[in-house]
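Asker: Next one to model:
(2 chains)
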Protein chains: 2
Amino acid sequence: MKHFHDMKFSSNFNQIPISFIREILEVANNENMISFAGGLPNPDFFPVEELEKSAVEAFRNNGRGLLQYAGSQGYLPLRKWIARRYSSMFDAPISAENIVITSGSQQTIDIMSKLFINAGDEIIIEKPTYLGGIQAMSAYSPHFMPVDLLADGPDLNAVEKICRQYSPKFMYAIPSFQNPSGICYSNEKRNELAALLRKYNLLMLEDDPYFELRFRGGQQKPIFCQAPRQVCWTGSFSKMIAPGIRLGWVILPDELVAPFVRAKQSTDLHTNNLSQYIAYNYLTNNNIDLHLQTIRKAYRQQCTDMIKAINTHMGNNIKMNTPDGGMFLWLKLLENIDAGELVQKCLSKGVAFVPGKSFYTDDSGCNCIRMNFSNSPKQKIEAGIKIIAAELKRFSIVEKSY
Amino acid sequence: MKHFHDMKFSSNFNQIPISFIREILEVANNENMISFAGGLPNPDFFPVEELEKSAVEAFRNNGRGLLQYAGSQGYLPLRKWIARRYSSMFDAPISAENIVITSGSQQTIDIMSKLFINAGDEIIIEKPTYLGGIQAMSAYSPHFMPVDLLADGPDLNAVEKICRQYSPKFMYAIPSFQNPSGICYSNEKRNELAALLRKYNLLMLEDDPYFELRFRGGQQKPIFCQAPRQVCWTGSFSKMIAPGIRLGWVILPDELVAPFVRAKQSTDLHTNNLSQYIAYNYLTNNNIDLHLQTIRKAYRQQCTDMIKAINTHMGNNIKMNTPDGGMFLWLKLLENIDAGELVQKCLSKGVAFVPGKSFYTDDSGCNCIRMNFSNSPKQKIEAGIKIIAAELKRFSIVEKSY
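Answerer: Residues are numbered from 1 along each chain as shown, chains lettered A, B, ... in the order given. Model (predicted):
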């Protein structure tokens, strides 16, 4: 019996789309399921023993401190570690004072939205873009203005046109190995976009969780290096260490730090202190660059394995990118094929992936598929692709017979 | 140089009041400061060694699992533990399916607000009420309808009047050892309020973090036991185990579970998995009731010590409650004394507390003070109260000389 409390939901809540990924996560986590659906890092590389050791040391050195309430901005030594790493990597002055520790970059998106979005405000997004980002921002009822993603980054003419006609509160973008498309903005595009941000004083939330996962090609700098007053750069320990510790960070322009902290405080007081101390201990006692090298090498191989399997089994009717990093392949099927129907058939055969529509706010992308390659060993990749290929073939025949 | 991004904040964000408590937390955490300000549990009782042991076991038994992404509703064994504990304690059927694990009850308030509040919606609150609750809800711009707290609970005539005239989205209340007042609703008031909730089908967020901290008098049941379809009951491991692990839960009516999980998901994907596994291991391998007995006994003593010190040093011009649990005393000074000015003087002498105004939405409570007794040993309580008393005396003389 319903009690009608659900008739009273806020209009904002009603805007949040359901996550296909998380809806099927329970199914996809079934051990017999071959899942290319979740954006899951490869658990083989979780530094379990090192983190156990760090947990013990954190408890022994700071037990009572780490178990108490703490400041909303985050654990200072961890903020300093982040500042040091990226100051040196980008040859740019980054202060721990500009960094806030969040419960992962999903929370960064939520809090940025809380900070800026009134219902109806224009927000520029990539087309397609991260489903979780769409969800987080939707909870504040923005007017999404999607901009096409080209092979080297977004259509900047479209961005500039929006800046001229509207007053977008911010642009949300994932410039490195984008989720879901795998696209990485070229250096030229990064420069041009930074110039645009400065010209229009357009704020950008640069969501960069895959930045450290480049496995081919030369290193790039985030856009925030060129427009630090217009860019909030958010990173995540989920892909560098492990997602279960729920830790990310954001580097903010000066005037946004205190407001961001206030909004964070109203949301959950502060980020998990235990995780922050453990992560800090882990990062100072282990070589994170060596660890990242191992991950990158494995992901490059997994990516290659998946591309090979697709080329072998799925034939020529598929367009696909060759990403230089990250965790995803983005497939385009023939125009008339509905990936939403295809995934239902595949799920019943024990294989999961995410239909493209989830990554659009305008119901396009129906013939696209996002494939995660980082969470499956070669044999499962091979077996799963075979099953998808068989279903796709059957599917195409049925489609044609109509 | 300002870049005017802060001119673009959402109207909701601009509603969030600054937390006096968290603003001074850094000062108050200074080792030389005597702080009665934060709502801090006594760190002497944090089970540091037990949690260290649980962390080691959790990593060894489930390392890769606990470090991966997880479902948004929370770790099932932990939800089952909560369901078992309170089903048995309240002799009521509680299913793990109705429980969501949150990053503490602050997040429960945020997500309930996200779920229900459109700008201007009526929300019934106690007067005074928890500052963090005001902050969390303010971020959604409700129309607060404060109801006076009497010695045995809220003015129910006022609640009913509001239900007749308006359509409040929910009532937010802290029935056990309320923050800041220390008031505990009588059984009669609980019954009557439950009847009101059922009569008007009014939803209530029953925030019960101090429920397990009763140190005097007979056990009561939460209001949700009598109106499970109208009440979301939220509890916290911050006071049972430790705040730094950022874990709480909420028990929801059936139809609210999926929507709450969806809103939670959009906010931060899921609660810290590492903490959930550690807490579950700790709870199953230790006697939590024995642990709570120790805490209760200590808090009763600390409460008594503080009351004694206040009676000895601060004289008769103060009204004060004698709470049966929780962590706070609530002091009323003479009408003409501004606790906001008093705290500035005391801070400069090394003592912190929270002026009452922070707990009201209508600028009242200026002559009130919230004193936390759980985080200071007897000597500090004695020393701190002496300093406040001296400042208060000086303050009163100046006031009189005006």
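
Asker: quick one, helices of chain A?
Answerer: A:20-29, A:48-67, A:76-90, A:105-116, A:131-138, A:156-165, A:187-200, A:237-240, A:254-268, A:273-285, A:288-313, A:339-348, A:378-401 (DSSP state H).

Asker: What is the last one packed up against?
Answerer: Helices and strands touching helix A:378-401, by 3 or more Cβ pairs under 8 Å, 6 or more residues apart in numbering or on different chains; DSSP states H and E, are strand A:34-35, helix A:288-313, helix A:339-348, strand A:351-352. No exception for glycine: its C-beta is placed from N, CA and C like everyone else's.

Asker: what angle separates the second one from helix A:378-401?
Answerer: Which is helix A:288-313. Angle between the axes of helix A:288-313 and helix A:378-401 is 40 degrees (criterion: axes from the mean of the first three to the mean of the last three Cα atoms, to 10 degrees).

Asker: Does helix A:288-313 reach chain B?
Answerer: No: Helix A:288-313 is not in contact with chain B by Cβ under 8 Å from any Cβ of the partner chain; minimum separation 13.4 Å.

Asker: contacting residues for A:Ile241?
Answerer: A:Ile241 makes contacts with A:46-47, A:51, A:247, A:279, A:282, as judged by Cβ atoms under 8 Å, 6 or more residues apart in numbering or on different chains.

Asker: From B:Phe144, how far out is it?
Answerer: 41 Å (Cβ to Cβ, to the nearest Å).

Asker: Also A:Asn286?
Answerer: Distance from A:Asn286 to B:Phe144, counting by Cβ to Cβ: 49 Å.

Asker: Which residue is the nearest non-sequential neighbour of A:Ile174?
Answerer: What sits nearest to A:Ile174 in space, not counting adjacent residues and going by Cβ to Cβ, 6 or more residues apart in numbering or on different chains, is A:Asp207, at 4.7 Å.

Asker: what's near enough to touch that neighbour?
Answerer: Counting by Cβ under 8 Å, 6+ apart, A:Asp207 touches A:105, A:108-109, A:130, A:133, A:172-174, A:234.

Asker: and the residue nearest to A:Pro243 when sequence neighbours are not counted, how many residues sit next to it?
Answerer: The shortest distance from A:Pro243 to any non-neighbouring residue, by Cβ to Cβ, 6+ apart, is to B:Tyr69 (4.5 Å). Per other Cβ atoms under 10 Å in any protein chain shown, the neighbour tally for B:Tyr69 reads 24.

Asker: One more: the one 4 residues further on?
Answerer: Look at B:Gln73: counted by other Cβ under 10 Å, it has 22 neighbours.

Asker: Equivalent analysis for A:Leu274, please.
Answerer: Count around A:Leu274 with other Cβ under 10 Å applied: 26.

Asker: Equivalent analysis for the one 4 residues further on, please.
Answerer: Each residue near A:Ile278 was counted by other Cβ under 10 Å, and the total is 28.

Asker: Pretty sure it sits against A:Asn62.
Answerer: No: the criterion here is Cβ atoms under 8 Å, and A:Ile278 misses it with A:Asn62 at 10.3 Å.

Asker: B:Lys378: which of the contacts of A:Asp207 is nearest?
Answerer: For these, the minimum distance to B:Lys378 (Cβ to Cβ) is 43.4 Å, reached by A:Thr108.

Asker: Chain B versus that closest one, what's the distance?
Answerer: Separation of A:Thr108 from chain B (Cβ to the nearest Cβ, to the nearest Å) stands at 10 Å.

Asker: I'd say that residue and A:Thr102 touch.
Answerer: Yes: in this structure, A:Thr108 is within contact of A:Thr102 by Cβ under 8 Å, at 4.9 Å.

Asker: on that earlier part again, list the beta-bridge partners for the residue nearest to A:Ile174.
Answerer: A:Thr234 (DSSP bridges).

Asker: what's the distance between it and B:Leu66?
Answerer: Using Cβ to Cβ, we find A:Asp207 at a distance of 25 Å from B:Leu66.

Asker: got the CA coordinates for the longest strand along chain A in CSV?
Answerer: For chain A, the longest strand by residue count, based on DSSP state E, is strand A:143-150. What follows is strand A:143-150 as a C-alpha-only set of coordinates in CSV (Å, rounded to 0.1, in the frame of the first residue of the first chain):
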residue,chain,number,x,y,z
HIS,A,143,19.2,23.4,-18.8
PHE,A,144,21.8,21.2,-20.4
MET,A,145,23.4,22.6,-23.5
PRO,A,146,25.2,19.6,-25.1
VAL,A,147,28.1,20.3,-27.4
ASP,A,148,29.3,17.7,-30.0
LEU,A,149,32.5,15.9,-29.2
LEU,A,150,34.8,15.7,-32.2
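
Asker: Run through who's touching that strand.
Answerer: Applying Cβ under 8 Å, 6+ apart, the set of residues contacting strand A:143-150 is A:120-129, A:134, A:137, A:154-155, A:158-159, A:162, A:166, A:168, A:178, A:181, A:183, A:360-362.

Asker: quick one: contacts for the closest residue to A:Gly365 other than its chain neighbours?
Answerer: Using Cβ to Cβ, 6+ apart and skipping residues adjacent in sequence, the residue nearest A:Gly365 is A:Gly356, 3.5 Å away. Going by Cβ under 8 Å, 6+ apart, A:Gly356 touches A:128, A:180, A:330, A:339, A:365-370.

Asker: let's see it at 7 Å
Answerer: Going by Cβ atoms under 7 Å, 6 or more residues apart in numbering or on different chains, A:Gly356 touches A:128, A:339, A:365-370.

Asker: Also A:Glu335?
Answerer: The contact partners of A:Glu335, by Cβ under 7 Å, 6+ apart, come to A:Asn367.

Asker: again with A:Ala119
Answerer: A:Ala119 touches A:Ser141, counting by Cβ under 7 Å, 6+ apart.

Asker: what about the residue nearest to A:Ile174, distance to chain B?
Answerer: Distance from A:Asp207 to chain B, by Cβ to the nearest Cβ: 14 Å.

Asker: Please report how far that residue lies from B:Val159.
Answerer: According to Cβ to Cβ, A:Asp207 and B:Val159 sit 44 Å apart.

Asker: tell me, how many neighbours does A:Asn30 end up with?
Answerer: A:Asn30, neighbours per other Cβ under 10 Å, totals 12.

Asker: er, A:Glu49 I mean
Answerer: Counted with other Cβ under 10 Å, the neighbours of A:Glu49 add up to 11.

Asker: Check A:Gln68 too.
Answerer: Residues near A:Gln68, counting by other Cβ under 10 Å, number 21.

Asker: Verify the stated contact: it with B:Gly244.
Answerer: Yes: using Cβ atoms under 7 Å, A:Gln68 is in contact with B:Gly244, at 5.7 Å.

Asker: in chain A, which segments are predicted with low confidence?
Answerer: A:1-3, A:21-29, A:396-402 (pLDDT under 70).

Asker: Domain-wise, how is it divided?
Answerer: For chain A, automatic domain parsing gives the domain ranges A:5-46+A:290-401, A:48-285.
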